[in-house]
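Colleague: Here is a sequence together with a model predicted from it:
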Amino acid sequence: MTKVYVSAGGDVSIMAPPELADKNFGQDTYLVSGYLYREAKYCSGGPCLVLLENQPAITLLKFEIPQTEGDLSSVELLLPVTGIKYYLPSNDLSDLCRFSVALIDVPFSESKVTWKELSNGVSWNPEDHLNELGTFYVAPSNSTPLVLDLTDHLKGLVKPGAEIRLAIAPSPVWWKYTWDEDMGCSIYMTSSEGGGAPVLLLKYGEEEAEETPVYFPMVKPWSFKLPKVSFDVGEEEQEPIPLPKISPKEIPKLQPKVVPPPGTPEQPKPPEGPKPPTQEYPPTFSLMMQPDILSVEPGSSATFTVEVIPHYGFSDWVSLEVKGGPTGSEMEVSPSKLNPVAATKPEAKVVVKVPGWTPPGNYLVKVLGKSGQLEDSASAWLQVKPTSETPKLQPQPKEGDFYLVVDSSHYSTVPGRAVTIRVKVKALAGFSSPVGLSLANPPPNSIYVIHNSPVQPENAGIVRILPSKETPTGSYKLMIVGSSDDLTRSVETILYIGPIATSSTTTAPTPMAQSTTLRLTLDKYTLETTAEVPVRTRITVSSGQQGKILLEYEAPEGVKVQINKTKLDPSDSTLIYLTASAPGTYEVRLRASQLGIKDEKVLKLVVKEAPSTRAAKSEVPTTRTSRTQKGAETTVSRPGHLETLDIIFVMLIIIIALLIALVLVLARKRSGEGKYTGSHYIQD
């Protein structure tokens, strides 16, 4: 086997805090990756908004692959991590001290790149150029260097003369926790200027049988976790906690290939030196739950798969338990115990039967695995979709629970204008605990603030979102999460961010600069009619892309929908007709889709009681029917004759007018006998 150690030809850290965002750290003797929560103040002519922001640091690495021969069998990344500093809201370092390895899709210069600029005068957002490969986490019990197996991710990219650009970036599960200022987690590594840069180890040929590789596997995000460690809070002035070292590995310099002349005797191989002792880790396991989210209707069931993954020779039995889900749901995990080594397929099925009265929303289903002192967990979302059927009567749950409701399913705004979302906490079975609110996925380059959190049951919290000028226009599906002890619930809503209106003198954008946003608009979003009487409105679609736009709808039972044209060109319009068989209020969901992009709107139909039988008999309208060029029929009503009651009403008005005129004449006649001043009559 041939081993090639490629030291990073470029290694630099970039930092997001405002006072550091425009500085280059290419000459520093250390590298840092992590995140820190700090308060940031935003003022724009009114009251200042103070937000708690996550300000990360990212390490950028660049490796130039030398000319080599042979079949590449392994690619490993050696990170010289020397210390860790953290102050966290929980002792779960596997979530909060987690980092990702990502590919960078643009070239960078070690001496020029900053958080704000890729090079002089070229601005960029670093997080937009990272393509995550996988994640790992660091704890004080880890040894150094950390060895990450990137074979499955980089084997096809490592070629002679290629340039591999990687980033080490923080990847915490931030939305599950309540944060305070100065909380965060960071790792520190030596740089090329500090005497030991990160190294890419390339192995060519077959692995030696007696050699046991020691590395942290790089797998899909969240499926690998090391044993949990005790929580030790580091103060702000405290030095990073050092990591234990293993025997140093020799990293030889690359030498040019020398071809000996013919006839030269083969040189004897030098004796091999002592090998470093093999690093041993305690056996452990991790859980992985798939899929990440399942959608069901009330009264149906969902099935998840949970896999038990052994690490470092783990071979014990693992007991599984399922928690969470909608209130009153039946949840079963089968089998309830697994041995990942003895089982042919170490998987368990989690079946969740949802009651028919379950309100729409997102419910977190969590599986706990225990084996002696070891434990791990995995979770997935169960989405209960709304249905047009009348919900079944809800029995009293055995335990208290809650769900979230927003005051609208759709919101809209423009960059620079805040939108307010009201989130109400609905209690079930006497639930009385406060619920903390968080926004899991705000639109990019926007700021938000949450008021009245935690929220008491039957009260509401406020989520205010302010898109910036850099926020792309379009529709965003927002997930608002509520947490209380072990219960986690969420609700979704759509936020449409439209373009800012410009004056007619603005230069029209070029075709390359046109927005690719798909938008569906209605002339009216609320229509009123009576039973069996059709009503209509106009649908208009717009898009910056070429191609047909498909119109679809979802209507409740009892409502008939007819769309003249279901396939439209951009900027085209058509008519939609709605007819309801019974009085009530209905919601019809309209959807436009084009090349994988969708936009939805809700049309409200209010159907009132039909006129009484007597009134219907008294009205004898005449009608005329005309047909447009597209074939749509239009009915126009005209009165045939005046009704008797209408004639009587007109005659009464005429009589009253005559009486008023008579009174005025008498008053004028009397005015010759006196003087009229203001509002008082004065007798001479």
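Modeller: That came in fine, so what should we check first? Numbering: from 1, shown residues only.

Colleague: in the stretch 51-200 of the chain, which spans are helices?
Modeller: 93-96, 151-154 (DSSP state H, counting those that start in this stretch).

Colleague: With respect to Gly9, which of those helices lies nearest?
Modeller: Closest to Gly9 of the helices of the stretch 51-200 of the chain is helix 151-154 (C-beta to C-beta; 16.0 Å). Where C-beta positions appear, they are placed from N, C-alpha and C, glycine not excepted.

Colleague: Residues contacting the closest one, please?
Modeller: 73-76, 101, 133-134, 164, 218 (C-beta atoms under 8 Å, 6 or more residues apart in numbering).

Colleague: can you put those residues in TSV and add neighbour count and pLDDT?
Modeller: Putting these into TSV (neighbours: other C-beta atoms under 10 Å; pLDDT from 0 to 100) gives the following:
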residue	neighbour count	pLDDT
Ser73	15	88
Ser74	18	87
Val75	22	89
Glu76	21	88
Val101	23	90
Leu133	20	87
Gly134	21	84
Ile164	21	93
Met218	23	33
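
Colleague: so which of the helices of the stretch 51-200 of the chain is the most packed in?
Modeller: helix 93-96 (a mean of 22; mean count of other C-beta atoms under 10 Å).

Colleague: quick one, what contacts Leu294?
Modeller: Leu294 neighbours (C-beta under 8 Å, 6+ apart): 302-304, 380-383.

Colleague: same thing with Ala657?
Modeller: If you count contacts by C-beta under 8 Å, 6+ apart, then Ala657 has nothing around it.

Colleague: Would you mind giving me the confidence score for Glu64?
Modeller: Per-residue pLDDT puts Glu64 at 88.

Colleague: gap between Ser432 and Val425?
Modeller: 11 Å (C-beta to C-beta, to the nearest Å).

Colleague: Leaving out sequence neighbours, find the closest residue to Ser483.
Modeller: Counting by C-beta to C-beta, 6 or more residues apart in numbering, Gly436 is the residue found nearest to Ser483 once chain neighbours are left out, at 5.1 Å.

Colleague: Confirm that the one you found lies within a strand, as I assumed.
Modeller: Yes: under DSSP: H, G, I helix; E, B strand; the rest coil, Gly436 falls within a strand.

Colleague: What separation is there between it and Ser379?
Modeller: 17 Å.

Colleague: before we move on, back to that, Ile500 is nearest to which of the helices of the stretch 51-200 of the chain?
Modeller: It's helix 93-96; of these, that one is closest to Ile500 (C-beta to C-beta) at 38.3 Å.

Colleague: For the closest one, the averaged confidence score.
Modeller: 80.

Colleague: on that earlier part again, neighbour-wise, which of Gly436 and Ser379 wins?
Modeller: More crowded of Gly436 and Ser379, by other C-beta atoms under 10 Å: Ser379, with 18 against 15.

Colleague: I figured that one was touching Met288, is that so?
Modeller: No: counting by C-beta atoms under 8 Å, Ser379 does not reach Met288; the two are 10.7 Å apart.

Colleague: Pretty sure Glu609 sits against Thr530.
Modeller: Yes: at 7.1 Å, Glu609 counts as touching Thr530 under the criterion of C-beta under 8 Å.

Colleague: So which of these two has more stuff around it?
Modeller: Thr530 (14 against 9).

Colleague: Quickly note the distance from the more buried one to Leu658.
Modeller: For Thr530 relative to Leu658 (C-beta to C-beta), the value is 40 Å.

Colleague: circling back to that earlier point, intersection of neighbour lists for Ser432 and Val425?
Modeller: With C-beta under 8 Å, 6+ apart, Ser432 and Val425 have common neighbours Pro457.

Colleague: Among the two, which residue is more densely surrounded?
Modeller: Neighbours per residue (other C-beta under 10 Å) separate Ser432 from Val425, with Val425 holding more: 24 against 11.
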